[in-house]
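Structure, please.
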Amino acid sequence: MTFLFLSTAVHAQDYSELDEDPYLDPAAANLVLQPTTRAQAKQAYMFGISYGLNPIILLAPAVSIGMYWDPLVLGMEFSDSESLGIWEKERRENLGEARLSGETQFIKWFYSDNFYLLAARESRSIKLWSRTYNRTSGQALFDMFVETTVASLGAGYLRFGDIGFFAIDIVRYNLVKNHTVKIVEYYETWSELSGNRDALDQNIIDRSNKWIKTINAPTGFVVTFGVFF
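Modelled structure (predicted):
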């Protein structure tokens, strides 16, 4: 009986010491396991690199800059295949002499701890030089410049770490499209050899429609890795 009493007293003392362990801070542990804020600060500057399913970013990853002001993120993305392009060999083999660029202004609003709604305005540009349409009935050499402005709404996920962040725009739905196609001709012999240039004009229209469809494609699964300070 005496042994049981002493054992109970020792265990009670052990538990009491554990509760008062100076190396264990319950408040700090709870803050780590269940953070009350998305980031350590309510405001921060953000810098990152974005890549994903976007007709411009797919071949030219974007530089992303922004400002976090809880619960909003305001920012811009810049993309240019000449300065930050990838798949250069494949791009030249499939597109020839071309340049893809874009600029996006966006605002993200957190409706949950890490999930946000997104509104964006994108300006996209594809420049295609030295396009040809050569047949026995005629030849032609011209450049094509395709531009579009796209407004979009979407949703995504963002998580802050100690000094970095990870974000993914899961999807962006295009709402408004305003596109233009400019053709600069250097020469054409269709009018002289065939008596008309109907075939050439139709080829230019078909190519224009193809590139308009490409440049207006929706954006999805754009992943951004970066740092904040």
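
hey, let's count contacts and neighbours off CA atoms from now on
OK.

Helices of the protein, residue ranges please.
Ranges of helices within the chain are 2-19, 26-33, 81-84, 88-95, 190-194, 198-215, based on DSSP state H.

pLDDT of stretch 140-154, averaged?
Averaged across stretch 140-154, pLDDT comes to 96.

List the buried residues for that stretch?
Buried residues in stretch 140-154, counted by 16 or more other Cα atoms under 10 Å: 140-154.

who does Tyr45 bridge with?
Beta-bridge pairing of Tyr45 under DSSP bridges involves Met67.

how far away is it from Leu72?
12 Å (Cα to Cα, to the nearest Å).

what about the two, which has more around it?
Using other Cα atoms under 10 Å, the more surrounded residue of Tyr45 and Leu72 is Leu72, with 18 against 15.

Could you give the number of residues near the nearest residue to the more buried one once chain neighbours are set aside?
Leaving aside its sequence neighbours, Leu72 sits nearest to Trp109 (Cα to Cα, 6 or more residues apart in numbering; 4.7 Å). Counted by other Cα under 10 Å, the residues lying close to Trp109 total 19.

isn't Trp109 right up against Gly154?
No: the pair Trp109 / Gly154 is not scored as a contact, 10.7 Å apart, by Cα atoms under 8 Å.

between those two, what contacts are shared?
117-118 (Cα atoms under 8 Å, 6 or more residues apart in numbering).

How about the longest strand belonging to the chain, which residues are buried there?
Longest strand of the chain, by residue count under DSSP state E: strand 164-188. Using 16+ other Cα under 10 Å as the test for burial, strand 164-188 gives 165, 167-174, 179, 181, 188.
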